[in-house]
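Novice: A structural model of the following input is requested.
(2 chains)
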Amino acid sequence: MSLLQVEGVSRHFGSLIAVNGISMTVEAGELRAIIGPNGAGKTTFFNLISGFLRPSSGRIIFDGEDITGLLPARRVWRGIARTFQVTEVFPELSVRENLRIAVEVASGFRLRPWLSRGADATVRARVTELLDMAGLTVKADQLVGELAHGDQRATEIMMALALKPRLLLLDEPTAGMGDQETYAITQLIRRLHKNGELTIVLIEHDMRVVFHLADRITVLDQGSFLAEGTPPEIAANEAVQSAYLGKAA
Amino acid sequence: MTDGPYGKRAADIVIWLLLLTMPYWLEAVGGYTQLGSRVVIMALAAMSLNFLLGYTGVLSFGHAAYFGLGVYGMGMTIKYLVPSTLAGMAVGVLAGAAAAAIIGLLIVHLRGIYFAMVTIAFGQVFYFIAYRWNNVTGGDDGLSGWSRQPIDLGFASIDILHNQTAFYYFALLCFAVAVTLMAALLRSPFGRTLLAIRENERRARFLGIPVDRHIWVSWLISCTFVSLAGTLYALLNNFADPHDLRWDQSGDFVIMAVLGGMRSFWGPLVGAAIFVVLQDYVSSETQNWMSFIGLFFVIVVLFFPRGVLGIVRRKAVS
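Specialist: Model prediction:
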């Protein structure tokens, strides 16, 4: 069974149709990229999957269960984690504290008024592991708000990963980054994908990143589905070229 | 965080030492013991408010309602039910907590200015009940004709009525227990989810924190401790005043927290001390003491947005 099935979801804002009857199926372990020109409805589509918005019509099925009406927190409990186009972190807390909160929530400790010594050690070990994985160990005690954009983004991705998701949604992970940072984040995503049984869906504008990472690509245009296929198929697709790559070139 | 664990530990020790020795030096600097008790009680109220304001990022302008429920819970218990200080505290705190639990359910989905406005509205409901229900609450005249009772420990009895120093230490003990509990909560996983909500509600929600429920718990804790402060305030005055649950009393708590610095744990204590001392000193000179507090408040907010403790801390870092 597929991990994620989106069945004909639409979302209207008044008379504007931001997402128009899009369907998409993602298999477990896949790395899927969603691309499309500005205003294609990519972020709205993402918001429908993560529960930030409710669809006007259509269904979303995660791991065989209908999650269309669930609140964001409940989708997180089922294993869907996301990052945002504009980095969402806890700016006045350190990197370590940011990750610690995510780890504690993921461990079911969110209402605990105290932690046993054993539980505290487990949480710390997991935070250390996440810091290592992202190469953030030396910056662990700096406030996230004072870090470079790329490190803030890496912190956000590691917070999402701390939730032990089965599906990770990344909204433009390399947006606004220089070449060096883009390369580092691309390597991080590749490691995360290969390390576990993690399924990743990402929105991305940088075609180098997309073609480097994705198993399959879904193309949206003006709120509608345009094409889907492997990177070579999409590169060869005439409809995509005229609607998107053609315009960009 | 910038001043490190040692700086923090040192500040804690200095503050506790000052509080523990207050009755012995207060008169030397022109104060009196009741003024010290007043500082400690108002500080408890302001620090309770700050649990919600500074550490959850939610502004309430109606905390006087729960403070006042503590005040009247204490007064009415001793006057009408049993002449026992501890019973009065239990009734006052339970009344405040119960009201906060129910009202909280109705309002925790609101944010920002909407939340603040609705807390004022609910607060005023309690004020008008106390103000109008003459034959039970004493109405405009307040509830008098009762006084704090000795605390009976079984083997001994402590006279907190005539011995002002004994009452100060009783209030300080309540303060210490409440403040220690709040500090421990803020260092716990639950406390960190509150910081998360303050820092970035969207991120908190997408970490899987049910934000409204956590705000409700924080609100309940904050209101419960503010009712405790209310019961002590009733004991201090041997009187329940309807003004204690009016909206401007809520405003005073917010001023104390912001004045002292709402991002530091002890900030509201410093704010309460400045507020109470200024009130005591200036009100003996002029009736318009509030305009002086207001002026001082405006200066602090304009030039030192992190409050008085924020200034001290910045100096210590640079």
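Novice: name the helix or strand of chain B that has the lowest mean pLDDT.
Specialist: In chain B, no helix or strand scores lower on mean pLDDT, DSSP states H and E than helix B:307-317, which sits at a mean of 69.
Novice: got a list of what the residue of the stretch 201-318 of chain B found nearest chain A touches?
Specialist: At 3.4 Å from chain A, residue B:208 is the closest residue in the stretch 201-318 of chain B, using CB to the nearest CB. Where C-beta positions appear, they are placed from N, C-alpha and C, glycine not excepted. Each residue near residue B:208 by CB atoms under 8 Å, 6 or more residues apart in numbering or on different chains is listed here: A:73, A:76-77, A:105-106, A:110, A:163.
Novice: run through who's touching the host helix or strand of residue B:97.
Specialist: Take DSSP states H and E as the rule and residue B:97 turns out to sit in helix B:85-107. By CB under 8 Å, 6+ apart, the residues outside helix B:85-107 that reach it are B:65-67, B:69-78, B:81, B:115, B:118-119, B:122, B:126, B:148-151, B:160, B:216, B:219-220, B:223-224, B:226-228, B:230-232, B:234-235.
Novice: whichever of these end up buried, select them in ChimeraX.
Specialist: This is how ChimeraX selects the buried members of those, with burial counted by 16 or more other CB atoms under 10 Å in any protein chain shown:
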select /B:65,66,67,69,70,71,72,73,74,75,76,77,78,115,118,119,122,126,148,149,150,151,160,216,219,220,223,224,226,227,228,230,231,232,234,235
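Novice: assumed residue A:205 was part of a helix.
Specialist: No - Residue A:205 is assigned coil when assessed by DSSP: H, G, I helix; E, B strand; the rest coil, not a helix.
Novice: separation between it and residue A:131?
Specialist: 29 Å (CB to CB, to the nearest Å).
Novice: please apply the same query to residue B:38.
Specialist: For residue B:38 relative to residue A:131 (CB to CB), the value is 48 Å.
Novice: so those two - more neighbours on which side?
Specialist: residue B:38 (24 against 19; other CB atoms under 10 Å in any protein chain shown).
Novice: what residues does the stretch 101-250 of chain B have near chain A?
Specialist: Neighbours of chain A within the stretch 101-250 of chain B, by CB under 8 Å from any CB of the partner chain: B:184-185, B:188-190, B:192-193, B:195-196, B:199-200, B:202-203, B:205-211, B:214, B:217.
Novice: hmm, try it at 10 Å
Specialist: B:181, B:184-185, B:187-193, B:195-214, B:217, B:221 (CB under 10 Å from any CB of the partner chain).
Novice: ok, residue B:155 - how many residues close by?
Specialist: Around residue B:155 there are 5 other residues, counting by other CB under 10 Å.
Novice: and for residue A:193?
Specialist: Residue A:193: 19 neighbours (other CB under 10 Å).
Novice: please, which helix or strand holds it?
Specialist: If you go by DSSP H and E, residue A:193 is part of helix A:179-195.
Novice: is chain B within reach of that helix?
Specialist: No - using CB under 10 Å from any CB, helix A:179-195 never reaches chain B; the gap is at least 17.3 Å.
Novice: quick check: mean pLDDT of that helix?
Specialist: Across helix A:179-195, the average pLDDT comes to 89.
Novice: what do you get for stretch A:105-120?
Specialist: 93.
Novice: just the buried residues of the particular helix or strand that has residue B:193 in it, please?
Specialist: Using DSSP H and E, residue B:193 falls within helix B:189-199. For helix B:189-199, a neighbour-count test (16+ other CB under 10 Å) marks B:189-199 as buried.
Novice: now stretch B:268-285
Specialist: B:268-280, B:282.
Novice: do stretch A:175-193 as well
Specialist: Per 16+ other CB under 10 Å, stretch A:175-193 contains these buried residues: A:175, A:177, A:181-186, A:188-189, A:192-193.
Novice: do stretch A:212-220 as well
Specialist: Residues A:212-214, A:216-220 are the ones in stretch A:212-220 that count as buried (16+ other CB under 10 Å).
Novice: wait, is residue A:58 part of a strand?
Specialist: Yes - with three-state DSSP as the criterion, residue A:58 is part of a strand.
Novice: my guess is it meets residue A:19, correct?
Specialist: Yes - using CB atoms under 10 Å, residue A:58 makes contact with residue A:19 at a distance of 8.6 Å.
Novice: any shared contact partners between those two?
Specialist: A:6, A:9-11, A:48 (CB atoms under 10 Å, 6 or more residues apart in numbering or on different chains).
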